[in-house]
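1. I'll drop the sequence and a predicted model, then ask my questions.
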Amino acid sequence: MSVVSVIIKEWQELPRNDKKKVGSKMSKTITPTEFGTKVEVGFDKQARQALKDFAEASLAEKEAKDRRAKAEVILREKLGLAEIATISGSPAFKIAHRDRTDIDRKVLQEKFPEVFAEVSYSNPYDFISVVK
């Protein structure tokens, strides 16, 4: 039995829930949609307020990510070669080290197409997008 066959067999024996991402942030239900259709919400006060809140929250989120990225650059610079920075002798922030293992999907698909076909799955989701 080839290594590929063993991997596929082990994968097939896993319970179905173990094959998908557990605790995915994209676990919302997909909203049924009739593509190409429109609905007028201009006179709906609740919809207009929700759109305003959504757009403002999206902008605030982007601005927060930008502020965080700029702050991280400064904090890394202040650390220099140190691992931990202190304020009045107490640890304030540090470099947290992680090592993540990823899979190169393209290589897996090219070299082991049977494995790729067996372990890949579609994860459809939808989201609200503000039209500009």
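-> Okay, I see it.
2. and Asp102, its phi and psi?
-> phi -120, psi 160 (degrees, to the nearest 10).
3. my bad, should have said Ala92
-> According to degrees, to the nearest 10, Ala92 has phi -110, psi -40.
4. wait, doesn't it sit right on Ala85?
-> Yes. Contact criterion C-beta atoms under 8 Å: Ala92 and Ala85 qualify, at 5.3 Å. (C-beta placed from N, C-alpha, C; glycine too.)
5. the two: which is more packed in?
-> Ala85 (15 against 12; other C-beta atoms under 10 Å).
6. before we move on, what SS does that one have?
-> strand (DSSP: H, G, I helix; E, B strand; the rest coil).
7. contacts only, for it.
-> Ala85 makes contacts with Leu75, Lys78, Leu79, Pro91, Ala92, Phe93, Lys94, as judged by C-beta atoms under 8 Å, 6 or more residues apart in numbering.
8. spit out the contact partners of the first one.
-> Think Leu75. Counted by C-beta under 8 Å, 6+ apart, Leu75 has contacts Ala85, Phe93.
9. pLDDT on the longest helix seen in the chain, on average?
-> Assignment by DSSP state H gives helix 45-79 as the longest helix of the chain. Averaging pLDDT along helix 45-79 gives 95.
10. distance of Phe93 relative to Arg68?
-> 13 Å (C-beta to C-beta, to the nearest Å).
11. those two - which one has more neighbours?
-> Each of Phe93 and Arg68 has its neighbours counted (other C-beta under 10 Å); Phe93 has more, 14 against 10.
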